[in-house]
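Undergrad: sequence plus predicted model, see below.
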Amino acid sequence: MTPPRLELRGISSGYGDMPVLDDISLSVGRGEFVSILGPSGAGKSTLFRLLTGAMAPRAGEMFFDGAPLDRNARPFAFMPQRDALMPWRRIIDNTTLGLEVQGMRRSQARTIVAPFFHEFGLAGFENHYPAELSGGMRQRAALMRTVVQGRPMLLLDEPFGALDALTRTAMQRWLEEMRAHHGWTVLLVTHDVREAVYLSDRIYVLSPRPARVVREIGVPLPRPRHRHNARTNAADIENLILETLLEPHEGPSP
Ligand SMILES: Nc1ncnc2c1ncn2[C@@H]1O[C@H](COP(=O)(O)OP(=O)(O)OP(=O)(O)O)[C@@H](O)[C@H]1O
């Protein structure tokens, strides 16, 4: 049997005396889109810090493709909450940045990113500066910078949190199409229940800090998800998640 792409077993973490993650176990299969939903401050960003190696866990184990996670192998492409584009670099040079950091020459990196511009809705904007683009375009540019690195798995931290509702919905639809087309393996952190249901194959719901997994919810809705039937059934799953988030979470994990 193929091991999951990513597997966490009993991960605990914290800062000083403050526990933040408590015995978190989860997995993400190859080609699967998994979301983590939880209240503000629960520790979702801390989880990404552990994955990207910015912090070490206090307890637990992390596996990638069945082997202990080796962060030197750089298995993740990480897209942070803010688009983090450099305002003084043209869009093309922002999208090459991740490759340049890996040591690639800018001219070579440009030939790698060039074919992506059309698919990311940015054709014709290669030589614009970030401030000349809309919020949705900037997020697509930031995602392009993440994707062109060709890593086996994407980590997305609230990627659409700063966008207006309409742009956010458009970006979710676009991301779903892109994921289907490319077969990406994705771990998404979001506060947005509807976004999680719309995009995910599975969702882990976290308790308030110290975060525990209080529920794992499969989303067996047909894709594409924007069709009427999928939306009707999605409402039931959204309600289940909202109830889970609003339940009191004292005591041991279920
Ligand atoms: N470097 C740090 N030192 C001390 N405490 C920290 C540090 N980083 C985060 N915390 C605290 O740890 C808790 C979890 O933070 P984290 O950023 O992981 O939460 P989050 O779920 O991502 O929050 P949000 O949803 O608001 O982005 C918070 O209470 C936060 O104040």
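TA: Perfect, thanks for sending it.

Undergrad: helix, strand, or coil at the residue in the stretch 101-250 of the chain that the ligand sits nearest to?
TA: Relative to the ligand, the nearest point of the stretch 101-250 of the chain is residue 209 (5.6 Å; Cβ to the nearest ligand atom). Where C-beta positions appear, they are placed from N, C-alpha and C, glycine not excepted. Look at residue 209: counting by DSSP: H, G, I helix; E, B strand; the rest coil, its state is coil.

Undergrad: and residue 87, what is it in contact with?
TA: Listed by Cβ atoms under 8 Å, 6 or more residues apart in numbering, the contact set of residue 87 reads 129-131.

Undergrad: if any of those are buried, put those into a ChimeraX selection.
TA: To isolate the buried members of these in ChimeraX, using 16 or more other Cβ atoms under 10 Å:
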select :129,130
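
Undergrad: mind listing the helices for the stretch 101-250 of the chain?
TA: Using DSSP state H, counting those that start in this stretch, the helices of the stretch 101-250 of the chain run over 106-113, 116-119, 135-147, 165-182, 193-199, 228-246.

Undergrad: quick one: which of these is nearest residue 70?
TA: helix 135-147 (20.0 Å; Cβ to Cβ).

Undergrad: surely residue 201 touches residue 30?
TA: No: counting by Cβ atoms under 8 Å, residue 201 sits too far from residue 30 to count as a contact (11.4 Å).

Undergrad: more neighbours: those two, which one.
TA: More crowded of residue 201 and residue 30, by other Cβ atoms under 10 Å: residue 201, with 18 against 14.

Undergrad: in CSV: the helices of the stretch 101-250 of the chain, plus mean neighbour count and mean pLDDT.
TA: Output for the helices of the stretch 101-250 of the chain, formatted as CSV (neighbours: other Cβ atoms under 10 Å; pLDDT from 0 to 100):
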stretch, mean neighbour count, mean pLDDT
helix 106-113, 15, 92
helix 116-119, 16, 90
helix 135-147, 22, 88
helix 165-182, 15, 85
helix 193-199, 23, 91
helix 228-246, 14, 81
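
Undergrad: dump these to TSV, plus distance to the ligand.
TA: Below are the helices of the stretch 101-250 of the chain laid out as TSV (distance: least, Cβ to the nearest ligand atom, whole Å):
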stretch	distance to the ligand
helix 106-113	29
helix 116-119	28
helix 135-147	17
helix 165-182	17
helix 193-199	13
helix 228-246	13
